[in-house]
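>>> model this:
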Amino acid sequence: MNVENATQNGSDFGNSFTKNFSANGETQTLTITAWADTKSADGSSTDLLIEAAEIGDYPGGLGISNNTSGDGHTADNYQSNPNERDYDFFLLDFGDLSVTLNSITSGYLEYGASSTQVSVAAVTTGDLADKTWNQVDNNFSLSSGYGQFMGNSGSYYVNSFTSEAGEDLSSASSTRWIVGAFNHHFGGDASLESNDGFKLASIGFTTKPNKPGTSIPEPAPLALMLVALVALARRKVNK
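As a prediction, the model looks like this:
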């Protein structure tokens with residue numbers, strides 16, 4: 001599903017993009033917001049807490065601007081100092097619809113496909129404010145993992161994710177997913193961070209089918225007859 005043509009709601013930190021689509025015979029709405037761990041917990045330059053960022057539509061896909069000065073329009077993790085590194089993420093909220101995320105595409109990578117990884121997680125909350133990524137992973141994640149971007153004629157894609165140890169991302173289903181710059185909290189080698197930046201152009205996902213309605217079957221006529229004969233026989237014995 002292409003998200004570049006989604007509807008923008010607001011133009012500052014905490015804004016969103018929405019996109020209507022059809023699934024299971026009904027109209028559904030995807031809401032996309034942006035987040036980054038740019039909030040200091042103690043007033044120092046070490047950023048630990050997540051807060052709302054600004055999401056925008058740029059050439060190549062949806063991008064993120066956070067509260068760090070000089071920040072670009074990509075979902076990135078550029079700081080070389082790991083203690084001050086900011087991780088940008090998109091939150092994909094599918095409302096009441098539970099989905100499995102299968103792929104993402106981008107029209108723009110900052111450092112090319114071979115250097116760019118992405119982290120994803122199926123999460124149980126849409127309220128990321130004032131949490132750490134470690135808390136999100138340990139307390140609010142159903143399953144998480146990471147993937148490597150591949151190039152394809154000027155566009156880029158990830159259609160295979162490696163699950164975090166002990167989890168099965170391929171079968172994870174949730175109403176909310178986070179997608180962002182490579183982040184070791186969700187699996188993978190931390191030494192690969194600091195050069196990942198992408199814009200989100202589209203996502204691929206599958207939905208759980210609607211459960212068919214169930215009903216209690218009515219007793220068959222023969223079964224009713226047998227029940228009646230047994231009851232009549234018992235009455236005769238008791239006389």
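
>>> Please count neighbours and contacts with C-alpha atoms only from this point.
Fine.

>>> Now for residue 51, how many residues are close by?
22 (other C-alpha atoms under 10 Å).

>>> Quick check, pLDDT for it.
pLDDT recorded at residue 51 is 96.

>>> Could you report the separation of it from residue 75?
14 Å (C-alpha to C-alpha, to the nearest Å).

>>> repeat for residue 53
The value you get for residue 53 to residue 75, if C-alpha to C-alpha is used, is 10 Å.

>>> Who has more neighbours out of the two?
residue 75 (33 against 24).

>>> Report the contact partners of the more buried one.
Residues in contact with residue 75 (C-alpha atoms under 8 Å, 6 or more residues apart in numbering) are 63, 64, 87, 88, 89, 90, 180, 181, 196, 197, 198, 199.

>>> which ones are touching the fourth one?
Residues touching residue 88, when contacts are defined by C-alpha under 8 Å, 6+ apart, comprise 34, 35, 36, 37, 64, 66, 75, 76, 77, 180, 181.

>>> which one of the residues you listed sits closest to residue 121?
Closest approach to residue 121 among the contacts of residue 88 (C-alpha to C-alpha): residue 180, at 9.3 Å.

>>> hang on, isn't the closest one packed against residue 86?
No. Assessed by C-alpha atoms under 8 Å, residue 180 is found out of contact with residue 86, at 11.0 Å.

>>> Now list whatever residues contact both of the two.
residue 76.

>>> ok, back up a step: from the contacts of residue 88, which two are the most distant?
34 and 77 (13.9 Å).

>>> who are the neighbours in contact with the residue most central in space within the chain?
Nearest to the mean C-alpha position of the chain, counting by C-alpha atoms, centre = their mean, stands residue 177 at 1.2 Å. Residue 177 makes contact with 91, 92, 93, 101, 120, 121, 122, 123, according to C-alpha under 8 Å, 6+ apart.

>>> distance of the fourth one from residue 179?
Meaning residue 101. Counting by C-alpha to C-alpha - residue 101 and residue 179 are separated by 10 Å.

>>> Same check on residue 33?
Per C-alpha to C-alpha, residue 33 is found 11 Å from residue 179.

>>> any residues in contact with both of those two?
90, 91, 92.

>>> State whether the second one is indeed within a strand.
Yes. Residue 91: assigned to a strand according to DSSP: H, G, I helix; E, B strand; the rest coil.

>>> quick one: which of the contacts of residue 177 is nearest residue 190?
Among the contacts of residue 177, and counting by C-alpha to C-alpha, the member closest to residue 190 is residue 120, at 15.0 Å.

>>> Next, the contact list for the spatially closest residue to the closest one that is not a sequence neighbour, please.
Computed as C-alpha to C-alpha, 6 or more residues apart in numbering, the closest residue to residue 120 that is not its neighbour in sequence is residue 179, at 4.6 Å. Residue 179 makes contact with 89, 90, 91, 92, 118, 119, 120, 121, according to C-alpha under 8 Å, 6+ apart.

>>> got it, and residue 130?
Contacts for residue 130 (C-alpha under 8 Å, 6+ apart) come out as 39, 49, 50, 51.

>>> Inside strands: which ones of these?
Cross-referencing the contacts of residue 130 against strands under DSSP state E gives 39, 49, 50, 51.

>>> gap between the third one and residue 128?
Separation of residue 50 from residue 128 (C-alpha to C-alpha): 6 Å.

>>> Which other helices and strands does whatever helix or strand residue 62 lives in contact?
Taking DSSP states H and E as the criterion, residue 62 maps to strand 61-65. In terms of contacts (3 or more C-alpha pairs under 8 Å, 6 or more residues apart in numbering; DSSP states H and E), strand 61-65 is packed against strand 54-58.

>>> Quote the end-to-end distance of stretch 184-198.
In stretch 184-198, first residue to last residue: 17 Å (C-alpha to C-alpha).
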